[in-house]
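**Student:** The following comprises the amino acid sequence and a computationally predicted model.
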Amino acid sequence: MLTQSSAEVVTATLPAVRAHGEAITRRFYQRMFAAHPELLDLFNRGNQASGSQQAALAAAVVAYAEHLIGAGATPWGPVLDRIAHKHASLGITPAQYTVVGRHLLAAVGEVLGEAVTPSVALAWDEVYWLLAVELVAREARLYAAAGLTEGEPVWRPWRVTARRQETPDVVSFTVTPDDSGEVPTFVPGQYTSVAVDLGGGRGRQIRQYSLAGRPGAAHWRIAVKRLRGIDGAPDGQVSTFLHEHMTVGTTLQLSPPFGEVNAVAGDGPLLLVSAGIGLTPAMAALEHLAVTAPQRPVVLVHADRAGAAHALRGDLPRLHAALPNLRTRLWYEDTSDVALPGVAVEVTGGRVDPESIPLSPDAHVHLCGPLPFMNIVRGGLLRRGVPVERIAYEVFGPGMLRG
Ligand SMILES: Cc1cc2nc3c(=O)[nH]c(=O)nc-3n(C[C@H](O)[C@H](O)[C@H](O)COP(=O)(O)OP(=O)(O)OC[C@H]3O[C@@H](n4cnc5c(N)ncnc54)[C@H](O)[C@@H]3O)c2cc1C
Ligand code: HEM
């Protein structure tokens, strides 16, 4: 709870902070990186360049302030969970909140200028620390649940034991702990953070990859799409590095599994909807159910450019054999190659039509793919009567769906 006087000040200054949110967070990152260049390796340089991280941080602080003064429409718990899981996968420490707080509040002062009187500064300091304390507490619980002691690094070396070119753009990697220790299990939908030293003076970078194999197996599997820069944009740093340098026998640093999204929620009908590389959580869900609940009715809907671009589809015959109540519905923009030996799948040309998705009224839904795709599918499912709380989704970048 904010103190009464701070609540009044926050209410009065929220419009200005909201209007300048991204300018504030942009200035915040400039200040913080100038004072702490070592933090450049922690943040995603691609997201910094696109501005999506600045937007995500500004939106989170503003939404939290709205929540504190009772003006917020955002359900707050899921937002905090998403941030805390992402932070935990990056190994964020409580001490770093002091650094972020100092530079964020200084940036508010710089951008809003004279409007930031001592009482305004005090009120926003209170907002920041209430939020920080909630995140630190959640992150501490996540670290403990992952078996980490206080301050223990999240990184652990894993060795690549198999590498498979799934499609021209996607490679899957099978990995086991290099220290021969236990392989942590996970919930389908969870991801690992991968930290790589890019070499050539480019520093270190961290990205998340959804675990695509079976929870409880003696190894993990991830599938990585190589991002090629379009219209002069650079190629994706980490995906390109993994494609070019990770071969059998090499090691990479991985975090424990984190992520708040459960791709197998409920125990009735399940609808998994994915597009492109967004199929990785759905594949973990199918691998998991094939062993734990093979009779569960599952509809798999997947959209891709073409059969040849559809990663991991070679696993579908095995999964169909293990899951007698699995129904697969594919949408390929190019239907010249739809062959999938031994599986009765339905393939349609063009883009996914949410109205034609086979839907049980009581299904739990998991979505993963580009944001515009998820917005269209989610909108269609909501119109068809699926309650909002039964639609889980994963965004492969900062941010969440709106509305
Ligand atoms: C929870 C989660 C799960 C994920 N699971 C998977 C998965 O299973 N498989 C998978 O392949 N990916 C997954 N991702 C995405 C993954 O984490 C990376 O974002 C992805 O691999 C791209 O990283 P990169 O370093 O190759 O690209 P980046 O270097 O981060 O670049 C990303 C994009 O930004 C553009 N860009 C970068 N710099 C600039 C610039 N200066 N100007 C203009 N444009 C620029 C690039 O061209 C590129 O298109 C997941 C993400 C999350 C958050
Ligand atoms: C109250 C304080 C903070 C808030 C509100 C906040 C908010 C956020 C949000 C909204 C995201 C994006 C989550 C997503 O949707 O993926 C994020 C990611 C991140 N945060 Fe924080 N954060 C805070 C503190 C910190 C601290 C102390 C650090 C460490 C210096 C940190 C480092 C990061 C990093 C490295 C990412 C991932 C960036 C990326 O992938 O581009 N954050 N944070």
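**Tutor:** Good, I have the coordinates. Ligands and ions are numbered 1, 2, ... in the order given.

**Student:** So what does the closest residue to ligand 1 within the stretch 51-200 of the chain have for phi and psi?
**Tutor:** Here the stretch 51-200 of the chain gets closest to ligand 1 at one residue, Y191, 4.3 Å apart by Cβ to the nearest ligand atom. Bear in mind the C-beta positions are built from the backbone N, C-alpha and C, glycine included. Dihedral pair for Y191: phi -130, psi 170, per degrees, to the nearest 10.

**Student:** Show the contacting residues for V187.
**Tutor:** V187 makes contact with P215, P257, G259, N262, A263, V264, according to Cβ atoms under 8 Å, 6 or more residues apart in numbering.

**Student:** By neighbour count, which of these wins?
**Tutor:** Counting neighbours by other Cβ atoms under 10 Å, the top entry in the contacts of V187 is A263, with 30 neighbours.

**Student:** so how far is D337 from the residue nearest to that residue when sequence neighbours are not counted?
**Tutor:** Spatially, and ignoring its direct neighbours in sequence, A263 is nearest to G189 (3.6 Å; Cβ to Cβ, 6 or more residues apart in numbering). Taking Cβ to Cβ, to the nearest Å as the measure, G189 falls 30 Å from D337.

**Student:** These two - which one has more neighbours?
**Tutor:** Using other Cβ under 10 Å, the more surrounded residue of G189 and D337 is G189, with 26 against 13.

**Student:** Surely that one touches G259?
**Tutor:** Yes: in this structure, G189 is within contact of G259 by Cβ atoms under 8 Å, at 5.9 Å.

**Student:** list residues touching both of the two?
**Tutor:** By Cβ under 8 Å, 6+ apart, G189 and G259 have these common neighbours: S210, E394.

**Student:** hmm, stretch 271-283 touching ligand 1?
**Tutor:** Yes: using Cβ under 6 Å from any ligand atom, stretch 271-283 reaches ligand 1 at I277, T280.

**Student:** any idea how far the closest residue to ligand 1 within the chain lies from S210?
**Tutor:** Distances between the chain and ligand 1 by Cβ to the nearest ligand atom are smallest at G236, namely 2.2 Å. Note on G236: its distance to S210, by Cβ to Cβ, is 16 Å.

**Student:** From the structure, what's the count of residues near the residue of the chain closest to ligand 1?
**Tutor:** Here the count is done by other Cβ under 10 Å, and G236 has 18 residues near it.

**Student:** Equivalent analysis for R45, please.
**Tutor:** Neighbours of R45 under the rule other Cβ under 10 Å: 17.

**Student:** Return the residues of the protein in contact with ligand 1.
**Tutor:** Contact residues (Cβ under 6 Å from any ligand atom) of the chain with ligand 1: 44, 46, 49-50, 191, 207-210, 222-225, 227, 229, 233-234, 236-240, 259, 277, 280, 394, 396-397.

**Student:** which stretches of the stretch 1-150 of the chain have low pLDDT?
**Tutor:** Within the stretch 1-150 of the chain, no stretch has pLDDT under 70.

**Student:** and the longest helix for the protein?
**Tutor:** Using DSSP state H, we find that the single longest helix of the chain is helix 118-145.

**Student:** centre of the chain versus that helix, how much separation?
**Tutor:** Averaging C-alpha positions (Cα atoms, centre = their mean, to the nearest Å) puts helix 118-145 22 Å from its chain's average.

**Student:** in the stretch 251-400 of the chain, which spans are helices?
**Tutor:** Along the stretch 251-400 of the chain, counting by DSSP state H, counting those that start in this stretch, helices occupy 280-292, 316-322, 371-383.
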